[in-house]
Structure formats: C-alpha cells, structure tokens
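quick one, what's the 3D model for this:
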Amino acid sequence: MIDVRAGMSLRARLLIGLAIVAAIAIGVAVTVTVTTHSYLVQQLDERLDSYSGPASSAAGRHSDSSTAPSTELNEDTTAQERPSEAYTGILFTDGSYFLGFEPNTTDGDDSVPDLDAVDTSTLSTTDATYLTLDSTDSDDYEYRVLLTYNDTFEVWTFTALSMQSVHDATTQLIAIEALGIIALLAGLSLVALWVIRLGITPMRQMVDASKQIAEGDMSVRLEGASAGSESHDLAIALNSMIGRLTASLAERERSEAKLREFVADASHELRTPLTTVLGYAQLYRLGALAEKAEVDDAWNRTEAEAGRMKRLVEEMLELAKFDALPELQRVDTDITALAAEVVGDSAAADAETEFALDATGPAVAAVDPDKVRQAVLNIVRNAAVHGGHHVNVRVSSTDGAVRVAVSDDGPGMTPEIAARATERFVRGDSSRSRAKGGGSGLGLAITAAIVDAHGGTLSVASTVGEGTTVTLTIPRAPLTTGAVPVLTQS
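Model prediction:
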C-alpha cells in the first residue's frame, strides 16, 4: 500500500489539515442547522396538536360555493371567540375545502395555505398527516398543516400554522453560522499564513541553502525567522556547525599541506646522509678506497651520517608522540634549578660560548621535568649553535606562570623566518647549522610541542644583526602547596 503522505511537503500537509478543519466546521454548521430546523418544525407540530379540533363558524370561506358545510361540524360557535393564530377547516374528498377559522391574534391578509395542492387520494384515513404547504398568494410563506380524517362525515379536518417563525429562526441561525465560518476560515487562513511564513518558508530556505552547502559552497549561511522561533534557533545551531565544519576542513587542508611539506622536508633531510652512506659504500665496494686512512675517513663519515639519520628519526618519532596524546609525568619542579643544570651542561660542552643564568629565586611549577629540561636544552643549544658568543638564560615567575627567556647576540632572523621558527624543518641558516654539527630544524618544533602539552606558549622575537630571544611560558599550577621541588639548585 502506497503512503500518500510520504511525498507531501509540510506546507501541503498544513493546508490540507486546515481544509479538513474548515470542512468539519461547515459540516457541523449544516448539521446544527438541519437539526435545529427539524426541532422547530417538531415544536410547530406539537402546537398544531394543541390547536386541532372541529372546524367552526359557518361564516368561514369555502373553496366551492356550491358545497355547503355540514351543520353537525359547526356546532361549536364559540370557536371564533378564542384567541388563536391557527387556520382550521375541512378538506373534502373531492379536494375542495372549507376554511372555518382564521388567526385573530395578528393582522391577517388574504394568504391561506394552498390546500388545492393536496392530493386527497394519498392522505391516510387512519393516522394524522403533517404537510408543508405553500401560501396561496406568495411563495414567501409556508404553512405547516395537520390533517385528521373524520370517519363519521368522511372528511379531513385540518389545522395550519405559519412557518414564518421557523424560517426566521433558521435564517438567523444560518446567518450567524455563516459569519462564524467566515471568521473561522479567516482565522485559519491567518494561522496558515503565519505558520508558513514563520516556520515553513524559513525551513524551505534552509533546505535550499543546505543543498548549496552540500554542493561545496561553504560560504552559505542559513537564515531563520524572528528571534526566539525554532527555525531561528535551528539556523543558529546549523550555522555554528557549518562554521566549525568549515574551520575543520580548512584545518585539515592546512594539516595536509603541512604533512606534505613535512614528508618532503623529511625526505630531503634523509636523502643527504643516505647519499653519503651509499656513496662511501659504493667506493669501498669498487676498491676506490685503497689507503687505510681513506677507509677510516669513509667509515667515520658514514657513522656520522648514520648518527644524523638516527637523530632525525628519533626527533620525528618524538614529534609524532606529541601529535598524538603526550603522556606527562607532572611533579612540582623548580624551573630555576633545572635551567641551572642546562646552563652548566651547555657551558661544559661548548667552551667557546659564554652562558649566563639570571634568576631571582626558585620558580616552582607542576611539569614533567624531563620534557621541560629537553625543551630548555633545545633552546639553549639552538642559541649556542645559531647565535653569537653570549647566551643569557633568564628565569622569572609570577602568580600564574614561569617564564624562561633565552637570548643570544647572534645574527638574528628576518621577521618571516622568526614567524615560522617553530615549524618543522625551518632553519635560519641551513648551511651554518650543518657546519656546526647538523640540525634538522626540528628542535624548536619539539620544544613548541612540549610547551603546548603543558598548556603554555612559546614566542620568538628576533632582529637581524641584534640577536634572538626565545621565551618559554608554562603555567605554574603546583600540585601540592609547600611541596619540596624535585629538582633543586646545588
């Protein structure tokens, strides 16, 4: 069985529903009118029963002057004196009639029930018969007539009442119902227009806009009705969702672009040491390295390049861990003591560079000490390799964060390179860095990932010819009040 509702729009369903309501209202009005009219006619029939009786007064009108009414039927000479609004008389079997009594409570006229239209052959001689007859003078009047057969005289006595009151009441009821139905239809029309304008039309517009979005136009935004309506709230929610989806797509595109760049840079970084290792291997296999010194130099270079590849792979694995969900072992740590250890180790490893620590006292924060030490060490080593002859490490703390600022007096970087310094495989001077022992351009990227995992920030400020300052900021958030720091300055 086919469900016809499946292909109907909400607008069509609303209009059909309102049409059904209107049809029901009209049906109820018609039913009430017919029922009321029948009830009024029934009441009129009951009045006819109370008025019915033998015809009286020979002074009445007869439809045929040659026929005289029976004397026995006119013995009640007081009938004319009773107040009444009914017509009474006699209907003979030949169709003629005698009108014995006319209404005496209102100003009468020449209009009487059209008894000539009655076919006496169809009348019952056992039961009372009720008929509705037109007026003899005007079609505007109708009469309700009660006919009762008299076996003794073989005639029908009739009683008739005007149906004008019934018609007036029915006409008034119809007028009231017509006005009510018109008002109801007008109200339903306004409701339909209001609902369509407030709900259905905005929904249709949102459907059209959604189709455009599905086709790839992410600049489209949905518009609902007035504030507070469901369509307005839905439009806001969907626009928010579209905005987030657009941002997610843009972020995915940026991530894909970064991934492609990362793969290209990683391939470039690995290609150089691999080429070196392969070249020396081929030279050795072909016997081109005859002298022991040449062989030793080749193996030393091969080992250095292999170590460089190992460091590169380890750094990329480290970044991959931070790209996922980094696991931090947070403890209350004195960042000042940690920075002092890094400065001491760096000074021992690089005697040509002057290192200085500027700190006013302990700076405790809830961090992973190994990760933060690695971050500070990356910055200090980066300053020593790419900077000048002086590296200054300044540790300061506030109520909310601990800052480690590492400054050097090196050549600095251009604003374009400084802005991208924390990106992967970005170098300020690639030739110089490799000359000093290599560097993949991942140091600051790893540092930024560590700081970000701690909820902190990393900023790079550099001026060409004046040096570079890298500032690491980490929220303090101590785990326990008054805890003894894990790392203390010796």
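
measure the nearest residue to A461 once chain neighbours are set aside to A183 for me?
Nearest in space to A461, with sequence neighbours left out and distances taken as Cβ to Cβ, 6 or more residues apart in numbering, is T469 at 4.8 Å. For every residue, glycine as well, the C-beta is placed using N, CA and C. As for T469, its distance to A183 is 81 Å (criterion: Cβ to Cβ, to the nearest Å).

neighbour count: the two, which is higher?
Between T469 and A183, counting by other Cβ atoms under 10 Å, T469 is the more crowded of the two (18 against 10).

quick one: the strand or helix carrying T275 to chain centroid distance?
Using DSSP states H and E, T275 sits within helix 230-286. Here helix 230-286 shows a centroid-to-chain-centroid distance of 34 Å under the convention Cα atoms, centre = their mean, to the nearest Å.

quick one on the thing from earlier: hang on, the residue nearest to A461 packs against D409?
No - using Cβ atoms under 8 Å, T469 is not in contact with D409; the gap is 10.5 Å.

which stretches of the chain form helices?
10-51, 164-195, 201-214, 230-286, 292-323, 335-349, 369-386, 415-419, 430-435, 443-453 (DSSP state H).

weakest of those by average pLDDT?
When these are ranked by mean pLDDT, helix 430-435 comes last with a mean of 42.

next up, the contacts around the residue lying closest to E305 once chain neighbours are set aside.
Spatial nearest neighbour of E305, chain neighbours left out: P273 (3.6 Å); criterion: Cβ to Cβ, 6+ apart. The contact partners of P273, by Cβ atoms under 8 Å, 6 or more residues apart in numbering, come to 305-306, 308-309, 312.

can you flag the buried ones in these?
Buried by 16 or more other Cβ atoms under 10 Å: 305, 308-309, 312, out of the contacts of P273.

near L173, how many other residues are there?
L173 has 16 nearby residues by other Cβ under 10 Å.

surely it and V34 touch.
No - contact criterion Cβ under 8 Å: L173 and V34 do not qualify, at 10.4 Å.

any chance of the contacts of P273 in a markdown table, plus distance to R204?
Shown next, in a markdown table, are the contacts of P273 (distance: Cβ to Cβ, whole Å):
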| residue | distance to R204 |
| --- | --- |
| E305 | 67 |
| A306 | 67 |
| R308 | 64 |
| M309 | 62 |
| L312 | 58 |
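
what domains does the record give for this structure?
The record's domain split for the chain, according to automatic domain parsing, is 233-317, 326-475.

which residue is nearest the middle of the chain?
With distances taken as Cα atoms, centre = their mean, L234 lies nearest the centre of the chain, 2.4 Å away.

ok, now how distant is that residue from I379?
50 Å.

alpha carbons only: can I get stretch 187-201 in CSV?
Only the C-alpha atoms of stretch 187-201 are listed here, as CSV (Å, rounded to 0.1, in the frame of the first residue of the first chain):
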residue,chain,number,x,y,z
GLY,A,187,-8.6,32.9,11.3
LEU,A,188,-7.4,29.6,9.8
SER,A,189,-6.0,31.5,6.8
LEU,A,190,-4.1,33.9,9.0
VAL,A,191,-2.8,30.9,11.1
ALA,A,192,-1.7,29.1,7.9
LEU,A,193,0.0,32.3,6.6
TRP,A,194,1.7,32.9,9.9
VAL,A,195,2.9,29.3,10.3
ILE,A,196,4.1,29.2,6.7
ARG,A,197,5.9,32.5,7.0
LEU,A,198,7.4,31.8,10.4
GLY,A,199,8.2,28.1,10.1
ILE,A,200,7.8,26.5,6.7
THR,A,201,9.3,29.3,4.5
